[in-house]
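[1] Structure for this input, please:
(one chain, ligands or ions: 1)
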Amino acid sequence: MMQTPVLERPVETRVTPERIIQTVYGFAPAYLLDAAARLGIFDALADGSKTTSQIARDCSVSARGAKAVLNALAGLKFLTRENGAYGLTAESAAFLVRGKPAYLGGLLRHGVQSIVPHWAHLQETVRTGKPAVPVNREAEGAGYFATFVADLFAPNFASAQVLAKTLASGHPSPAAALDLAAGSAVFGIALALEVPGITVTAIDWKDVIPVTRKIVSQFKLDERFRFVEGDLLDVDFGSDYSVAVLGQVLHTNGPDWARRVIKKTYDALVPGGTIAIAEWLVNDDRTGPPPSLIFAVNMLVHLEDGDTYSFSEISGWLREAGFKSVRTLDVPGPSPLILAEK
Ligand SMILES: C[S@@+](CC[C@H](N)C(=O)[O-])C[C@H]1O[C@@H](n2cnc3c(N)ncnc32)[C@H](O)[C@@H]1O
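    Here you go, the predicted model:
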């Protein structure tokens, strides 16, 4: 007698396309925040809540456009909405109003204007393994970084302040710090503000240094800074520093480059001096965290040999160079900082 076939149920009955469908619009929050910041919508709400028509008038935008964007921002909880009026949340008040010290509008603009167009070539980059624009080379990279390193000041300043407070004491006199690939000099500035009398040598590519100088001047720290133009592997770092910071630069090249820069930094420190490294750290298996894995793809898109590294990889390179007491320091950044002593 023939057996009745047993109908197989799908193994995972609750599988839904929801997450993938939502991902289609994954780009939208960044565009919404960038457009609203640049149109002055958050600025217009700094003094209090407003209705759609008031915001449309104050920001010189259409009522139709304002309505759609305001509703989406409220839905995403970047604005509040009560009795038909929109207001700032604690988050948008702190980070999206122009003129606030932690304003992130520049970072949003950089994402939408510079990063997204490069990601548009992702398929081709994955196929070839080569970035559309290799910004690890000074010829292409210096101009690229000069346009946005100032925008990295606000997102990195809180981390830099925690580091500066942690390293506030125990420096020899006169104390000197090294800010490598300084960019906005965010780490050097935080140290100069926290450690009395410390001088800072800021090194970066020639076309970036004018931006570095300008920001240092805004903090009236010109006399405490020395600027060195050039590539990290070519320039003389100098010596006798009690602290050296490698802020968000190890990921711009492959492991051999990172090891050479770490060794050169070791040679520039006094015995007992501290190296601090800011990076987007991945876990040992490279299964997370997602922002660091996405940042690794960002490195594929922009660099010939860049990547994100794990604490184990970086601490191995530090020990190989001679550093001891490798540890992490929790900071309000994408990952903890890595510290070690010569
Ligand atoms: C992502 S930014 C980080 C800037 C800053 N340290 C911070 O944490 O905000 C990277 C910086 O490294 C600089 N840079 C990249 N490769 C470099 C190299 N080979 N030599 C010197 N500077 C380099 C760039 O010009 C840029 O200012």
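
[2] Let me see the ranges of the helices in the stretch 1-150 of the chain.
    In the stretch 1-150 of the chain, the helices defined using DSSP state H, counting those that start in this stretch lie at 18-24, 28-38, 41-44, 52-59, 63-75, 90-95, 105-110, 116-119, 122-128, 138-148.

[3] Quick one: name the residues of the stretch 101-250 of the chain near the ligand.
    Residues of the stretch 101-250 of the chain lying near the ligand by C-beta under 6 Å from any ligand atom: 145, 149, 152, 156, 181-184, 186, 204-205, 208, 231-232, 247-249. Glycine gets a C-beta too; all of them are placed from N, C-alpha and C.

[4] filter the residues you listed to the buried ones?
    Neighbour-count burial (16 or more other C-beta atoms under 10 Å) applied to those gives 145, 149, 152, 156, 181-184, 186, 204-205, 208, 232, 247-249.

[5] from these, which ones fall inside helices?
    Using DSSP state H, the subset of these located in helices is 145, 156, 186.

[6] before we move on, the earlier item: let me have the helices of the stretch 1-150 of the chain in CSV, adding mean pLDDT as columns.
    Shown next, in CSV, are the helices of the stretch 1-150 of the chain (pLDDT from 0 to 100):
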stretch, mean pLDDT
helix 18-24, 93
helix 28-38, 98
helix 41-44, 98
helix 52-59, 98
helix 63-75, 98
helix 90-95, 98
helix 105-110, 96
helix 116-119, 95
helix 122-128, 96
helix 138-148, 89
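
[7] among the ones you listed, which is the most enclosed?
    Mean neighbour count (mean count of other C-beta atoms under 10 Å) peaks for helix 41-44 among these, with a mean of 23.

[8] isn't there a strand covering Gln339?
    Actually, residue 339 is Leu. It isn't Gln. Yes. Assessed with DSSP: H, G, I helix; E, B strand; the rest coil, Leu339 lies in a strand.

[9] Next, give phi and psi for Ala176.
    With angles defined as degrees, to the nearest 10, Ala176 sits at phi -140, psi 140.

[10] And the residue of the stretch 1-150 of the chain that's closest to the ligand?
    Nearest residue of the stretch 1-150 of the chain to the ligand (C-beta to the nearest ligand atom) works out as Phe145 at 3.5 Å.

[11] Let me know whether that residue touches Trp205 as I believe.
    Yes. Phe145 is within contact range of Trp205, at 7.0 Å (criterion: C-beta atoms under 8 Å).

[12] related to what we said a few turns ago, out of the residues of the stretch 101-250 of the chain next to the ligand, which sit inside strands?
    Among those, DSSP state E puts 204, 247 in strands.

[13] mind showing which ranges of this structure have poor pLDDT?
    Low-confidence segments of the chain (pLDDT under 70): 1-13.

[14] longest strand of it?
    Longest strand in the chain by number of residues (criterion: DSSP E): strand 269-278.

[15] by contact count, what packs against the helix or strand just after it?
    For strand 269-278, the following helix or strand on the C-terminal side (DSSP states H and E) is helix 290-302. Applying 3 or more C-beta pairs under 8 Å, 6 or more residues apart in numbering; DSSP states H and E, we find helix 290-302 packed against helix 116-119, helix 122-128.

[16] where does Ser242 land in three-state SS?
    Judged by three-state DSSP, the three-state class of Ser242 is strand.

[17] Which residues are in contact with Ala72?
    Each residue near Ala72 by C-beta atoms under 8 Å, 6 or more residues apart in numbering is listed here: 28, 32.

[18] and the closest residue to the ligand within the stretch 201-342 of the chain, how far is that from Phe311?
    For the stretch 201-342 of the chain and the ligand, the shortest gap (C-beta to the nearest ligand atom) falls at Gly247, measuring 2.9 Å. Gly247 sits 17 Å away from Phe311, going by C-beta to C-beta, to the nearest Å.

[19] wait, what's in contact with Arg286?
    293, 296, 310.

[20] doesn't Asn283 make contact with the last one?
    Yes. Under the criterion of C-beta under 8 Å, Ser310 lies in contact with Asn283, with a separation of 6.2 Å.

[21] Nice, that's everything, thank you.
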